[in-house]
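A.B. asks: Here is my input, please return the structure:
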Amino acid sequence: MNVDFDELRRIHRLEKNTSKLVEVEDDFIDSIETFVEEEKKNYLASLKNFSSSDARAFTNLKRIVEEIFLLREKKILNKALIASHTGDVEETKMASQELEVYKKMLKVLNDHSGLYKELFGEKEKAKTLVEVEILKDVPTFVGTDMKEYGPFSKGDKVELPKKVSKLFITRKIAKEI
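C.D. replies: Numbers count the residues shown, from 1 in each chain. The predicted structure is shown next:
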């Protein structure tokens, strides 16, 4: 992905106007880094040439990138918080570095939730869940515990009760992680 001022302004505008993450490519942050390095060279050259317009352009670039990062950080943290409570883990629309942060935050939040579960003896219930990766799309269904699960898409990573996960694994609908 190649990033330029227009693309950054577009993403900035969209990030400000929606509560959901704007979809970006895996290499989005790497592309920003490359673009900033190029613009930094132009900025340093503008200082030698006393060009205030080039200096302003670099200052604006810095502000836009900073705002994009802050907006996306908040949304990723919120997404991790919601996923830790609902179990609905969605790993899309993020750059690879953001995905790494999201997974780390999700683990920290899940560990923290474990403290609460320990207090009320729910930890045993948590041990009966098995984390699996879904290999085929699965519509919504009712498990043996009479709770509704799904729908799941291929590639989703979810925690399911042992009985359901065993059934999914033997039917090659999921694999244990």
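
A.B. asks: Tell me the helix or strand right after the helix or strand of the chain with the lowest mean pLDDT.
C.D. replies: One helix or strand of the chain scores below all others by mean pLDDT, DSSP states H and E: helix 123-127, with a mean of 53. Sequence order places strand 129-134 as the next helix or strand after helix 123-127, per DSSP states H and E.

A.B. asks: What helices and strands are in contact with the very next helix or strand once past that next one?
C.D. replies: Once strand 129-134 ends, the next helix or strand along the chain (criterion: DSSP H and E) is strand 141-142. Here strand 141-142 touches strand 148-149, going by 3 or more Cβ pairs under 8 Å, 6 or more residues apart in numbering; DSSP states H and E. The C-beta positions use only the backbone N, C-alpha and C, and glycine is treated the same way.

A.B. asks: list the helices and strands the strand it packs on packs on?
C.D. replies: strand 141-142.

A.B. asks: The strand it packs on pairs with which strands, and in what direction?
C.D. replies: Strands that pair with strand 141-142, judged by DSSP bridges, come out as strand 148-149 (antiparallel).

A.B. asks: centre of the chain versus the partner strand, how much separation?
C.D. replies: Its chain's C-alpha centre and that of strand 148-149 lie 24 Å apart, by Cα atoms, centre = their mean, to the nearest Å.

A.B. asks: now what about it, what contacts it?
C.D. replies: For strand 148-149, the external contacting residues (Cβ atoms under 8 Å, 6 or more residues apart in numbering) are 140, 141, 142, 143, 160, 164.

A.B. asks: Put the alpha carbons of stretch 26-43 into PDB.
C.D. replies: Taking Å, rounded to 0.1, in the frame of the first residue of the first chain, the C-alpha atoms of stretch 26-43 are listed here in PDB:
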ATOM      1  CA  ASP A  26      -1.600  -5.100   6.900                       C
ATOM      2  CA  ASP A  27       1.300  -2.900   5.900                       C
ATOM      3  CA  PHE A  28      -0.500   0.400   6.700                       C
ATOM      4  CA  ILE A  29       1.900   1.500   9.400                       C
ATOM      5  CA  ASP A  30       4.900   0.500   7.400                       C
ATOM      6  CA  SER A  31       3.600   2.600   4.500                       C
ATOM      7  CA  ILE A  32       3.100   5.600   6.800                       C
ATOM      8  CA  GLU A  33       6.700   5.100   8.100                       C
ATOM      9  CA  THR A  34       8.000   5.200   4.500                       C
ATOM     10  CA  PHE A  35       6.000   8.200   3.600                       C
ATOM     11  CA  VAL A  36       7.000  10.100   6.800                       C
ATOM     12  CA  GLU A  37      10.700   9.400   6.000                       C
ATOM     13  CA  GLU A  38      10.300  10.800   2.500                       C
ATOM     14  CA  GLU A  39       8.500  13.900   3.800                       C
ATOM     15  CA  LYS A  40      11.100  14.400   6.600                       C
ATOM     16  CA  LYS A  41      13.800  14.600   3.900                       C
ATOM     17  CA  ASN A  42      11.700  17.300   2.100                       C
ATOM     18  CA  TYR A  43      11.200  19.100   5.400                       C
END
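
A.B. asks: Done for today, thanks.
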